[in-house]
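Engineer: Need a 3D model of the following:
(one chain, ligands or ions: 2)
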Amino acid sequence: MSKVTVLGAGAWGSTMAQVLSDAGNHVLVWGRNQEIVNEINTSHTNRKYLDENVLPLGLSATTNLSEAFEYSNIYVLAVPAQTLRENLKSWKPLVDSDATYISTLKGIEVSTLSRMTEIVHEEMNTENVALITGPNLATELILRQPAGAVAAAPTKILAEKTLKLFATPYYRVYTSTDVLGCELAGAIKSVIALAVGISIGMGFGENTQAMLITRGLNEVARLCAAHGADPLSAAGLAGMGDLVASCGSPLSRNRTFGEVLGRSGSMAVAREHVAKTVEGVASSNAVLEIAHRVGVEVPVIEAVADVVAGTISPSDALDRLMEITTRAENFIR
Ligand SMILES: NC(=O)c1ccc[n+]([C@@H]2O[C@H](COP(=O)([O-])OP(=O)(O)OC[C@H]3O[C@@H](n4cnc5c(N)ncnc54)[C@H](O)[C@@H]3O)[C@@H](O)[C@H]2O)c1
Ligand SMILES: O=P(O)(O)OC[C@H](O)CO
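Structural biologist: Residues are numbered from 1 along each chain as shown. Ligands and ions are numbered 1, 2, ... in the order given. Next up, the predicted model:
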């Protein structure tokens, strides 16, 4: 049993806090919104993000950063990817120098093309950084529906420590030392879920979705291989698992955003409809640039990045994808 601080009181921070609490840890959640923090402490709910679900009664929350960082030296990060660096900079004077950081984020920083664990390395000057990722929709996991995840860390010891922190009878956590592959897979699936959503919004069915998911998986594997990560991470929970969950579920915010975008053709309408963190929107162009840097073709990701940027319509993007000359269907090329 450990003491753990969860940083972020949105859908995922609150869900991770419940899992950690169910796993026997003492948990304090930090959030910046006083009303939400009060609600967690008094009625044990977070209605804005998690409807009427009742959180564990032992779970408490604070807006006070000093309290949050004094509480423990295990910090679970659950803020949006694009704010992580500025958050870490402002938290740095308060953190324990021996702290362990566990990222739960699925995005790429637009301004630097950094992965989330890279940002923690850079800003906090530590190697003690793990991540937990996989097919985990908050709205299902908060109901304690059975789910699996992968805890990835640079060392087996840290990956095992992360597994032990999170594992519960309903949350099966596997380990990996392929941080790069698992983290890239998590960021890319957000983009592929947008692509699938767009196709649904345009009125297409399962064949189109299956093609996008499978070719998207291929893009994950090729990007992993080109970066020296294990391409087989693409076939695990972080890759295929998360593609299945996010692309297959109307609960995915990325897929839902894509659906509205595909139907309306308007980013503004989609933003209004899904006013929560949609990592694939910010990250699509960053993932594309990462791919271009290593010379990997990623046509599905490129189509999404162009639609999000407004340089091509959803239907022209799909036409473009369908016109690409097909080749042998190798998993990694
Ligand atoms: N929701 C899920 O099902 C799920 C599952 C796995 C991973 N994730 C990942 O978790 C991360 C967070 O997503 P979420 O679902 O909790 O999003 P959310 O929109 O539900 O909540 C985001 C939280 O971050 C806070 N926030 C926004 N800007 C901030 C800032 N500048 N500084 C500090 N806090 C800020 C918000 O107030 C809110 O509490 C994302 O990277 C997402 O990919 C989400
Ligand atoms: O709602 P999404 O699209 O951010 O997906 C949530 C989780 O990442 C699914 O594993």
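
Engineer: wouldn't Gly148 be in contact with Thr168 here?
Structural biologist: No. Assessed by CB atoms under 8 Å, Gly148 is found out of contact with Thr168, at 11.6 Å. For the C-beta atoms, the positions are set from N, CA and C on the backbone; glycine is no exception.

Engineer: The residue in the stretch 1-150 of the chain that ligand 1 sits nearest to and Tyr71, how far apart?
Structural biologist: With CB to the nearest ligand atom as the measure, the residue in the stretch 1-150 of the chain that lies nearest ligand 1 is Gly10; the distance is 1.8 Å. Note on Gly10: its distance to Tyr71, by CB to CB, to the nearest Å, is 19 Å.

Engineer: Show me which residues of the helix or strand Glu140 falls within are buried.
Structural biologist: For Glu140, the host element (DSSP states H and E) is helix 138-141. Neighbour-count burial for helix 138-141, with 16 or more other CB atoms under 10 Å as criterion, is recorded at 138-141.

Engineer: Can you add pLDDT and distance to ligand 1 and give the residues you listed back as a markdown table?
Structural biologist: Listed next are these as a markdown table, based on pLDDT from 0 to 100; distance: CB to the nearest ligand atom, whole Å:
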| residue | pLDDT | distance to ligand 1 |
| --- | --- | --- |
| Ala138 | 98 | 3 |
| Thr139 | 97 | 7 |
| Glu140 | 98 | 8 |
| Leu141 | 98 | 7 |
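
Engineer: What residues does the stretch 151-300 of the chain have near ligand 2?
Structural biologist: For the stretch 151-300 of the chain, the residues in contact with ligand 2 under the definition CB under 6 Å from any ligand atom are 190, 193, 242, 245-246, 252-254, 279.

Engineer: Tell me who's in contact with the residue of the stretch 1-150 of the chain closest to ligand 1.
Structural biologist: Taking CB atoms under 8 Å, 6 or more residues apart in numbering as the definition of contact, the neighbours of Gly10 are 31, 49, 78-79, 276-277.

Engineer: now Leu180
Structural biologist: Shown here is Leu180, whose contacts under the criterion CB under 8 Å, 6+ apart are 115, 224, 227-229.

Engineer: Could you check how far it is from Ala225?
Structural biologist: Applying CB to CB, the value for Leu180 to Ala225 is 11 Å.

Engineer: Same question for Ile198.
Structural biologist: In this structure, Ile198 and Ala225 are separated by 26 Å, where distance is defined by CB to CB.

Engineer: quick one: contacts of stretch 147-163?
Structural biologist: Taking contacts as CB under 8 Å, 6+ apart, the residues outside stretch 147-163 that touch it are 100, 102, 127-136, 140-141, 166, 170-179, 181-183, 236-238, 241.

Engineer: follow-up on the earlier one: for Ile198 and Ala225, indicate the residue with more neighbours.
Structural biologist: Legend: neighbour count by other CB atoms under 10 Å for Ile198 and Ala225, higher for Ile198 (30 against 19).

Engineer: follow-up on the earlier one: give the buried subset of the contacts of stretch 147-163 as a PyMOL selection command.
Structural biologist: Provided next is the PyMOL selection string for whichever of the contacts of stretch 147-163 are buried by 16+ other CB under 10 Å:
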select buried, resi 100+102+128+129+130+131+132+133+134+135+136+140+141+166+171+172+173+174+175+176+178+179+181+182+183+236+237+238+241
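
Engineer: Spell out which parts of the stretch 1-150 of the chain neighbour ligand 1.
Structural biologist: With CB under 6 Å from any ligand atom as the criterion, the stretch 1-150 of the chain meets ligand 1 at residues 8-13, 31-33, 49, 78-81, 83, 87, 104-107, 136-138.

Engineer: sorry, back to before: chain center to the helix holding Glu140, what's the gap?
Structural biologist: With CA atoms, centre = their mean, to the nearest Å as the basis, helix 138-141 stands 13 Å off its chain's centre.

Engineer: cool, stretch 178-194 as well?
Structural biologist: Using CA atoms, centre = their mean, the offset of stretch 178-194 from its chain centre is 8 Å.

Engineer: heads up, I number from 8, so please use that
Structural biologist: Yep, numbering from 8; the last one is stretch 185-201 now.

Engineer: Identify the residues contacting Glu134.
Structural biologist: Shown in contact with Glu134 (CB under 8 Å, 6+ apart): 128, 161.
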